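Q: Sequence unavailable; structure follows:
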């Protein structure tokens, strides 16, 4: 029997419960994976609360790394003993010690990437990979505004942005988070607890504004993000940690400088296996060579899933968080 976190109704962290579940043998196209580490992402809370609806009862979590223990008929991309990682919304049920899963989303891990590291960066790292390599044609002289700069995506993005020659302005909620963000590549820090983000951005950019905003906060930062952009700048809505962005008239984008806006999803950038592998390989290369440092600041036992979600939603976490299995 494996241990797994499941929930039978949507709601707060307390709906999460640990259960003993049978695993069985893989069917055609499936593998059985023994997890060594499981990733914790803010999107998991969207599943739990029902913002992203799923049939109930359900498992939770979409990112983990471990070892292939058995393969079903027709599987040829991985073999027994391979170390693998995965992410994606078709992989729900990662909060578990062992599971059956389609072989399709699995990515084989290079020797330089541990399972803990993989669980910490597969979702956030691939997100950064497509944000910086697919969303905007960066030339190396641009300035970007990065909200939640001390979070898992933020710390990876700021380091990778520096490799591309970008200037990074990061926002944080506390002085301690400011220190972490600055240590990972942010050129300038704005503490939104006591600074006006848009005014400070204008000051730092001599009134011009930034080329791109990466906003994972949503409702609370949407207007200030738009006000921080240069004429014809790009607003990238990466997430909605503070709540969904309220409906607005698109004329607002014209009024604020003919702005562009996009709301991308990781699933659409890793749907093509070849593109997913390209994005993953570049990520793993940077990490294995030490050009991007992975900051795992929180480690939890699987049984502590509810507390992990409380910490995440209270913005008590920095860097990456994993469940150690």
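A: Arrived safely, thanks for sending. Since the structure is predicted, the reported quantities are computational estimates derived from the model, not experimental observations.
Q: residue nearest the centroid of the chain?
A: residue 124 (3.1 Å; Cα atoms, centre = their mean).
Q: which residue sits closest to it, ignoring its sequence neighbours?
A: Using Cβ to Cβ, 6 or more residues apart in numbering and skipping residues adjacent in sequence, the residue nearest residue 124 is residue 152, 4.2 Å away. C-beta: built from backbone N, CA, C; applies to glycine.
Q: Pretty sure that neighbour sits against residue 320.
A: Yes: here residue 152 reaches residue 320: they are 4.3 Å apart, a contact under Cβ atoms under 8 Å.
Q: hmm, back to that, got phi/psi on the residue nearest to residue 124?
A: In terms of degrees, to the nearest 10, the main-chain angles of residue 152 are phi -60, psi -50.
Q: Contacts only, for it.
A: 41, 120, 121, 124, 319, 320, 321 (Cβ atoms under 8 Å, 6 or more residues apart in numbering).
Q: show me where the stretch 201-325 of the chain has strands.
A: 210-215, 229-237, 260-262, 296-300, 320-324 (DSSP state E, counting those that start in this stretch).
Q: Give me the contact list for the first one.
A: Contact partners of strand 210-215, identified using Cβ under 8 Å, 6+ apart, comprise 131, 135-136, 142-147, 157, 169, 201, 221-222, 225-226, 228-230, 233-239.
Q: For that strand, which strands pair with it and how are they oriented?
A: In its sheet, strand 210-215 lies beside strand 143-146 (parallel), strand 229-237 (parallel), with partners assigned from DSSP bridges.
Q: how about these, which one is nearest residue 308?
A: Closest to residue 308 of these is strand 143-146 (Cβ to Cβ; 23.9 Å).
Q: what's the spacing between the closest one and its chain's center?
A: 17 Å (Cα atoms, centre = their mean, to the nearest Å).
Q: From residue 150, how far out is residue 279?
A: Using Cβ to Cβ, to the nearest Å, residue 279 is found at 23 Å from residue 150.
Q: These two: who's more crowded?
A: residue 150 (30 against 24; other Cβ atoms under 10 Å).
Q: For residue 42, which residues are in contact?
A: Residue 42 neighbours (Cβ under 8 Å, 6+ apart): 151, 216, 239, 241, 312.
Q: Was I right to think the fourth one contacts residue 221?
A: No: counting by Cβ under 8 Å, residue 241 sits too far from residue 221 to count as a contact (9.2 Å).
Q: The two - which one has more neighbours?
A: Neighbour totals were compared for residue 241 and residue 221, and residue 221 leads with 25 against 22 (other Cβ under 10 Å).
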